[in-house]
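Asks: sequence and predicted model, in that order:
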Amino acid sequence: MNFPSKTFLLKIILHPLALALPITLIIIYFLEGTFEKYNVEQMGQKRLLGIDESFVYADINDDGSTDQITFHLNTDHKAAVIIHLHSGKVLDQWNMDGIFLTDKGCGVGDVDNDGKKDVVSLYFRNDSSFLFIFNPLNPKKLYKTDVFVDTISIDEGFNNTYLTKMAFTDLTGDALPEIVFAISAGFNLYPRKVYAYDLKNNHIQSSPFLAQSIRINEETFASDLNGDEKKELLFNYHAPGNMKNIGHSSIHDHSSFLLILDHVLNIWSPPAELSGAPSSMDYHVISRNDRKYVLFFFTNSSCQGSPSSILLFDPYRKKILKRIFTGYEGKFQVLSAWSDDSVAIVQNAEGKLFEIGKDLELKPAGELPPQIVNGVLADIEIDNLGKRELIFRDKTSQDLCIVRQGSNKPMLMLTIDRPFNRLRNAWTLTKDSKPFGIAIHADDFVYKYTYSQNRFAWMKWPVYLMIYLGIFGLYKLSIDFRLEQMRAFFEKDKQIAELKLKTIRNQLDPHFTFNAINAIASSLYKEDGKTAYFYLTRFSKLMRMTMLYSDKILRSLDDEIDFTLAYLEIEKLRFRNKFNYVIEVEEDIELLVMVPRMIIQSYAESSISNGLMHREEDGRLKITVKDMHQYLEVRITDNGVGIEKSKLFNKDRAFKSMRLMRQFIDLINSINASKVVVEMYDLHENNEVCGTETLIKIPYGIKYEPDYLPPNQV
């Protein structure tokens, strides 16, 4: 890197705009979180009574505010439901003749299509399971208990049996929704079925034995796949590999199956087996050209059996059209909350996102924030914008991160005070139809949080800009203050240099004056008026020019030659015409070029006083001025006695004026890059000294201001 490049780079690095940047970034780092869009605060937590208590949140009385539905054991150790309204009022408690399954699930929906929400729960007594359905606001209108569902044997370990989420959809076409749910088991092979309750006909319909652990997506599980105006049912399946098949069914839990049920819960299409346990089968319905297709995502968590893959299923032909293998490590999870009817959004094990549609091509769609643990715990809508957000676990803590689609940074962070294994559910809490909080059910604790929009979030970038400009301003003021101090220092330095120059040159002026007065006085004494008048005008001109340039360091070459001519005329009178002089200036030379004041006159004076004055007669002085392109060359030649003899004749007074001129030139050179050079030497002829020559080189562009003065602006 050459010198100008280094100087330019250094100028950029030391500029206040660059110096302010790292300090600003450090301050912004410590301000991180101050201007987040939402403020979050934990408003309470409650430890549940193990398997005997659970919560669900829903707006029971349609006032726009979330109410709390509590499932617990009453004083008779029987299953009970108690509802606390948002206002704090207890609506009532409803008791069942039995106990809950391991996971106490319920559904809240309009079962009888009267515009009011109903509550549906499942309980267990002896070896049977039953539905309990009631309208909390009007139990007289709807109150059903002991609706038999299925038999569950205690000997087979019913405590591992759990209820999935309940969903509501019209399967029979009677304009009343059926209650759809599934009962699964961990280490129990039965029942592992899907059920649908028809309230109008008071009838329970069950599916064949499915062997899988079943999960229901309430929003997408029911769809008319082939356009026959009848709904088909899709579920997420998990094959835990816990139980061996008894032998009467081709479906078991050591493989995942592609299973679709029809509207009466029969298997709608031949099951497609993909071996491996534990494994899972998820789905997403897409539409293309008014036809529906189903994307199935098979994930094999073991290293045996079928590799993980993505399948495209055509419901019209009930056939798998395409299949791509993603390998045992290529596991994908469907982000249902972010998918739509044209593509599915999936994430891989590294947290990268992809879009996949009917062509089964994985197209990059961004990636999740790096601080989260891959795997969606739940989804939730927190701001009524019509798109649900996803909940993940933070890698460095037990905190929960809520991530909005398209963002690589969590929009909310929820602090969990203790380690947890399972996030069971999450709800948005509302007041007057506006979301204000979140409830999280993790293991045996329920945490509640409030959140609100940060009124100062919009100020994030303006504040950051103000911080940057403030730090820049401080740097700028500091640097300008320092530069002003430097300018003042250098200005004083310049003034001192000027005073020295003026002092040195003014030491010469009395000497000239004394010589001139003596010469004119001599002419007057001899009554030579004409000569006296001639030289008096020359002396007057000399004095006028001396006074005119008394405060100047430089003057034009023309004025310097004019001054020297006046001086030489007076000196010629004083020495009674012992010498003659000639001044030759190159024809094309620029006479306005600036030269140090009296530089030619001083060396002409030296030639006369140190050399020519010791001759009896026939003294000659020649001054030539030439343009040498880079500098002005002045040669002063005399036929005096030479340097060494002059020292003998004049002793201490020899070349005194030259010593003063040398100081003058040294000061000028100290503030100029190009230097004035003076060389003085004797001339020889036949090995004898025949005179002295002074060579002066004056660079063009010479100045007396220091060139290192700092600029006015950085």
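Replies: That came in fine, so what should we check first?
Asks: all helices for the stretch 501-650 of the chain, in order.
Replies: 509-525, 529-548, 557-574, 599-610, 643-650 (DSSP state H, counting those that start in this stretch).
Asks: nearest to residue 342 among those helices would be which one?
Replies: In this view, the helices of the stretch 501-650 of the chain are compared for proximity to residue 342 by C-beta to C-beta, and helix 557-574 is the closest at 87.6 Å. For every residue, glycine as well, the C-beta is placed using N, CA and C.
Asks: could the helices of the stretch 501-650 of the chain be laid out in JSON lines, adding mean neighbour count, distance to residue 443 and mean pLDDT?
Replies: Written out in JSON lines, the entries for the helices of the stretch 501-650 of the chain read as follows (neighbours: other C-beta atoms under 10 Å; distance: least, C-beta to C-beta, whole Å; pLDDT from 0 to 100):
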{"stretch": "helix 509-525", "mean neighbour count": "16", "distance to residue 443": "104", "mean pLDDT": "66"}
{"stretch": "helix 529-548", "mean neighbour count": "16", "distance to residue 443": "101", "mean pLDDT": "76"}
{"stretch": "helix 557-574", "mean neighbour count": "21", "distance to residue 443": "99", "mean pLDDT": "86"}
{"stretch": "helix 599-610", "mean neighbour count": "24", "distance to residue 443": "98", "mean pLDDT": "86"}
{"stretch": "helix 643-650", "mean neighbour count": "15", "distance to residue 443": "108", "mean pLDDT": "79"}
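Asks: who wins for proximity to residue 289 among those?
Replies: Across the helices of the stretch 501-650 of the chain, residue 289 has its closest neighbour in helix 557-574 (94.2 Å, C-beta to C-beta).
Asks: if we can go back for a sec, could I get the helices of the stretch 501-650 of the chain as CSV with distance to residue 446?
Replies: Rendered in CSV, the data for the helices of the stretch 501-650 of the chain read as follows (distance: least, C-beta to C-beta, whole Å):
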stretch, distance to residue 446
helix 509-525, 103
helix 529-548, 99
helix 557-574, 99
helix 599-610, 98
helix 643-650, 110
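Asks: can you tell me which of those is nearest to residue 357?
Replies: Proximity of those to residue 357 was assessed by C-beta to C-beta; the nearest stretch is helix 557-574, lying at 87.6 Å.
Asks: for the closest one, packing partners?
Replies: helix 509-525, helix 529-548, strand 579-585, strand 594-596, helix 599-610, strand 619-627 (3 or more C-beta pairs under 8 Å, 6 or more residues apart in numbering; DSSP states H and E).
Asks: which of those sits closest to residue 225?
Replies: Distances from residue 225 to each of the helices and strands packed on helix 557-574 were compared using C-beta to C-beta; the shortest belongs to strand 594-596, at 97.7 Å.
Asks: so for the closest one, mean pLDDT?
Replies: Mean pLDDT, taken over the full extent of strand 594-596, equals 90.
Asks: do stretch 319-329 as well
Replies: For stretch 319-329, the mean pLDDT works out to 87.
Asks: among the helices of the stretch 501-650 of the chain, which is nearest residue 219?
Replies: Distances from residue 219 to each of the helices of the stretch 501-650 of the chain were compared using C-beta to C-beta; the minimum, 96.8 Å, belongs to helix 557-574.
Asks: work out the gap between the closest one and the centre of the chain.
Replies: Taking C-alpha atoms, centre = their mean, to the nearest Å, the mean C-alpha location of helix 557-574 is offset from the chain mean by 74 Å.
Asks: could you export that helix as CSV, CA atoms only?
Replies: Coordinates of the C-alpha atoms in helix 557-574 are reproduced here as CSV (Å, rounded to 0.1, in the frame of the first residue of the first chain):
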residue,chain,number,x,y,z
LEU,A,557,11.0,39.7,-8.4
ASP,A,558,10.4,43.0,-10.2
ASP,A,559,10.3,44.9,-6.9
GLU,A,560,13.4,43.1,-5.6
ILE,A,561,15.4,44.1,-8.7
ASP,A,562,14.1,47.7,-8.5
PHE,A,563,15.2,47.8,-4.9
THR,A,564,18.6,46.4,-5.7
LEU,A,565,19.0,48.9,-8.5
ALA,A,566,18.3,51.8,-6.1
TYR,A,567,20.8,50.3,-3.6
LEU,A,568,23.5,49.9,-6.3
GLU,A,569,23.2,53.5,-7.5
ILE,A,570,23.7,54.8,-4.0
GLU,A,571,26.7,52.4,-3.4
LYS,A,572,28.3,53.4,-6.7
LEU,A,573,28.1,57.1,-5.4
ARG,A,574,29.6,56.2,-2.1
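Asks: got the angle between it and helix 599-610?
Replies: 20 degrees (axes from the mean of the first three to the mean of the last three C-alpha atoms, to 10 degrees).
Asks: in what helix or strand does residue 452 lie?
Replies: Using DSSP states H and E, residue 452 sits in strand 445-453.
Asks: okay, buried residues for that strand please.
Replies: Neighbour-count burial for strand 445-453, counted by 16 or more other C-beta atoms under 10 Å, picks out 445, 446, 447, 448, 449, 450, 451.
Asks: who does residue 682 bridge with?
Replies: Legend: beta-bridge partners of residue 682 under DSSP bridges are residue 692.
Asks: look at it and say how many residues are nearby.
Replies: Residue crowding around residue 682 was assessed by other C-beta atoms under 10 Å; the count is 18.
Asks: how far away is it from residue 694?
Replies: Taking C-beta to C-beta, to the nearest Å as the measure, residue 682 falls 11 Å from residue 694.
Asks: quick revisit: could you list the residues in contact with the strand holding residue 452?
Replies: 37-48, 55, 382, 412, 414, 416-418, 420, 429, 436-440 (C-beta atoms under 8 Å, 6 or more residues apart in numbering).
Asks: which of those are buried?
Replies: 38, 40, 48, 55, 382, 412, 414, 416, 420, 429, 436-440.
Asks: between those, which sits nearest residue 223?
Replies: Ranking the buried ones among the contacts of strand 445-453 by separation from residue 223, with C-beta to C-beta as the measure, puts residue 382 on top at 26.8 Å.
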